[in-house]
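Undergrad: got a predicted model here, sequence first, then my questions.
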Amino acid sequence: MDHTRVMREKKTAPAERAAQHPAAFAKLRSAGLQALFAVYIYVLFKIILFKFSPIDFRFLWHQLQRSPDTTLRQLQLGNFTPLETVYNTFDPVTVTKLVNLTGNIALFIPFGIFMALLSSNRQITWFGVMLRSLGLSAVLECAQGLFSIGTFDVDDLLLNTLGGVLGYCLFRLLRAGQKARPSQ
């Protein structure tokens, strides 16, 4: 008899086990999402700040010890005119420019999805995601200038923010589609 019960428990589907212990499953799901989000942020910093190179803290420390004139020069090289880089993407069109344009949007789509998934009771709005995307993008753009490892570009702020909002909207549309579909 004991053997039969054990066999039945082994055959229990994961969804059924999750339904039997909803609080434990919710904690595990939340911890998993937070871990994935941390990995995503690490990869985001690695791509934007280090261009896929290894993260070298000695290099960053060296960059911080450079003269303030270097940082000022980096700021002067930056683009502070909204949509200038976007317009230049199409005059003339090159693969590199298109990859930069679409990459800035695509890199932040997961951010919008994570914001929707991680918000308590899913109460975050598109405006909240927009502000958070803009904030994270601003941190990354300013870090590029501060460490002299890139140039500040206001268009990157706009494109990254668009990507975050697109991710959020895609998530909401898919979620609404799932709820509208009848259970089978």
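TA: Perfect, I can see it now.
Undergrad: where does residue 158 fall, secondary structure wise?
TA: Element membership for residue 158 (DSSP states H and E) is helix 154-180.
Undergrad: and that helix, what does it pack against?
TA: For helix 154-180, the packing partners by 3 or more C-beta pairs under 8 Å, 6 or more residues apart in numbering; DSSP states H and E come out as helix 84-89, helix 95-106, helix 109-118, helix 126-146. (C-beta placed from N, C-alpha, C; glycine too.)
Undergrad: only alpha carbons, please: show the last one as CSV.
TA: In other words, helix 126-146. The C-alpha trace of helix 126-146 is given here as CSV (Å, rounded to 0.1, in the frame of the first residue of the first chain):
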residue,chain,number,x,y,z
TRP,A,126,4.0,51.2,-18.7
PHE,A,127,4.9,54.7,-17.3
GLY,A,128,6.7,53.0,-14.4
VAL,A,129,8.6,50.8,-16.8
MET,A,130,9.4,53.8,-18.9
LEU,A,131,10.9,55.6,-16.0
ARG,A,132,12.9,52.6,-14.8
SER,A,133,14.2,51.9,-18.3
LEU,A,134,15.2,55.6,-18.7
GLY,A,135,16.9,55.5,-15.3
LEU,A,136,18.9,52.3,-16.0
SER,A,137,19.9,53.6,-19.5
ALA,A,138,21.0,56.9,-18.0
VAL,A,139,23.2,55.1,-15.5
LEU,A,140,24.8,53.1,-18.3
GLU,A,141,25.3,56.1,-20.6
CYS,A,142,26.8,58.2,-17.8
ALA,A,143,29.1,55.3,-16.8
GLN,A,144,30.4,55.1,-20.4
GLY,A,145,31.4,58.8,-20.1
LEU,A,146,32.8,58.6,-16.6
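Undergrad: pull out the buried positions in that helix.
TA: By 16 or more other C-beta atoms under 10 Å, the buried positions in helix 126-146 come out as 126, 129-130, 132-134, 136-138, 140-141, 143-145.
Undergrad: quick check: residue 97 vs residue 146, distance?
TA: Residue 97 sits 25 Å away from residue 146, going by C-beta to C-beta, to the nearest Å.
Undergrad: relative to residue 160, how far out is residue 34?
TA: Counting by C-beta to C-beta, the gap from residue 34 to residue 160 is 22 Å.
Undergrad: brilliant, that's me finished.
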